[in-house]
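**Q** okay, predicted coordinates and the sequence, questions at the end:
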Amino acid sequence: MSLIDHNDSRREMNDPAEGHFNITADGSPLPYVTSGIYVGGSGNLVCTAKDGSVATYYTVPSGATIAIRAIAVDASSTATHLTGQY
């Protein structure tokens, strides 16, 4: 499956999401490039961004949304109940 990017130049990062999907933190490619990731259970979030860089967001509280154009979420993430927004 090829990666779908709905976040074109007509949209801003703070625009409402057009869709969402559940994320399994296993390092596999996400079905869509996200505009944000909602964290349902607190912990660390390790993401690969669209440009290929990897970052760890430490101690993300439950209920937070991280604004990132992510293409994968690593298995070392301890945050749970993740929802991708696009």
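**A** That came through, no problem. Quick caveat, the model's predicted, so the values are computed rather than measured.

**Q** point out where the protein drops to low pLDDT.
**A** Applying pLDDT under 70 to the chain picks out residues 1-14.

**Q** how close does the spatially most central residue of it sit to Asn22?
**A** What sits nearest the mean C-alpha location of the chain, by CA atoms, centre = their mean, is Ile37, with 3.8 Å. Counting by CB to CB, to the nearest Å, the separation of Ile37 from Asn22 is 11 Å. In short, each C-beta sits where N, CA and C put it, glycine included.

**Q** which residues do those two both contact?
**A** Shared contacts of Ile37 and Asn22, defined by CB atoms under 8 Å, 6 or more residues apart in numbering, comprise 82-84.

**Q** out of everything not next to it in sequence, what's closest to the residue nearest to the centre of the chain?
**A** Ile66 (5.0 Å; CB to CB, 6 or more residues apart in numbering).

**Q** so what's that neighbour up against?
**A** By CB under 8 Å, 6+ apart, the residues touching Ile66 are 36-37, 39, 45, 47, 57, 60.

**Q** can you lay out these as a markdown table showing secondary structure?
**A** Formatted as a markdown table, the contacts of Ile66 follow (DSSP: H, G, I helix; E, B strand; the rest coil):
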| residue | secondary structure |
| --- | --- |
| Gly36 | strand |
| Ile37 | strand |
| Val39 | strand |
| Leu45 | strand |
| Cys47 | strand |
| Tyr57 | strand |
| Val60 | strand |
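
**Q** which one of the residues you listed is nearest to Pro29?
**A** Set against Pro29, the nearest of those by CB to CB is Cys47 (12.3 Å).

**Q** list the contacts of that closest one.
**A** Here Cys47 is in contact with 37, 54-55, 57, 66, 68, 70, 72-74, 77 (CB under 8 Å, 6+ apart).

**Q** of those residues, grab the buried ones for PyMOL.
**A** Here is the PyMOL selection string for the buried members of the contacts of Cys47, based on 16 or more other CB atoms under 10 Å:
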select buried, resi 37+57+66+68+70+72+73+74+77
